[in-house]
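**Student:** predicted model and sequence follow; I will ask about them next.
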Amino acid sequence: MSNNLLEKIFKIVAVILLGVAAFFLWRNNFDGVFISAVLGIVSFVLSYRFQLKERLDGREVEEHSEKEFAEENYRGNLFEADFDDDELTDFELENEKEKVPIER
């Protein structure tokens, strides 16, 4: 069963159990009210849990696909240049030395 279907089932059960609790309250059966209300609340919390699980699974799939996309499109080390060291010269900028390519 999918999480979405289980979420809907638990919400329906929660509404039914809260209706049963209202019936027991009308009949002055407080033990029945307590039991059916607690089960209704538990059912609602379970439906919320399945809703959160669905969201987290969606985020995980999205993050995984972004990571795969980045790995597929990655070419070399981002912090290394694609040219030789002999083509580099020191360049001073704000008291920091950087290696920049020489334009020819």
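**Tutor:** Happy to help now that I have it.
**Student:** just for the protein, where's the confidence low?
**Tutor:** Counting by pLDDT under 70, the chain contains low-confidence ranges at 1, 70-104.
**Student:** helices along that one, start to end?
**Tutor:** In chain order, the chain shows helices spanning 3-26, 30-73, with DSSP state H as the criterion.
**Student:** next, format those as TSV and append mean neighbour count.
**Tutor:** (C-beta placed from N, C-alpha, C; glycine too.) Below are those laid out as TSV (neighbours: other C-beta atoms under 10 Å):
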stretch	mean neighbour count
helix 3-26	15
helix 30-73	13
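**Student:** next one: residue 54 from residue 36, what distance?
**Tutor:** With distances taken as C-beta to C-beta, to the nearest Å, residue 54 is found 27 Å from residue 36.
**Student:** actually, residue 26.
**Tutor:** Using C-beta to C-beta, we find residue 26 at a distance of 12 Å from residue 36.
**Student:** for stretch 19-37, output the C-alpha coordinates as PDB.
**Tutor:** The C-alpha atoms that make up stretch 19-37 are tabulated as PDB, following Å, rounded to 0.1, in the frame of the first residue of the first chain:
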ATOM      1  CA  GLY A  19     -17.900  10.200  15.800                       C
ATOM      2  CA  VAL A  20     -18.100   7.100  18.000                       C
ATOM      3  CA  ALA A  21     -16.700   9.100  20.900                       C
ATOM      4  CA  ALA A  22     -19.400  11.700  20.400                       C
ATOM      5  CA  PHE A  23     -22.000   9.000  20.500                       C
ATOM      6  CA  PHE A  24     -20.600   7.500  23.700                       C
ATOM      7  CA  LEU A  25     -20.500  11.000  25.200                       C
ATOM      8  CA  TRP A  26     -24.200  11.400  24.300                       C
ATOM      9  CA  ARG A  27     -24.900   8.000  26.000                       C
ATOM     10  CA  ASN A  28     -22.900   9.100  29.100                       C
ATOM     11  CA  ASN A  29     -20.500   6.100  28.600                       C
ATOM     12  CA  PHE A  30     -17.200   7.900  29.600                       C
ATOM     13  CA  ASP A  31     -15.100   4.800  29.300                       C
ATOM     14  CA  GLY A  32     -16.100   4.400  25.700                       C
ATOM     15  CA  VAL A  33     -15.600   8.100  25.100                       C
ATOM     16  CA  PHE A  34     -12.000   7.900  26.400                       C
ATOM     17  CA  ILE A  35     -11.100   4.700  24.500                       C
ATOM     18  CA  SER A  36     -12.600   5.800  21.100                       C
ATOM     19  CA  ALA A  37     -11.200   9.400  21.400                       C
END
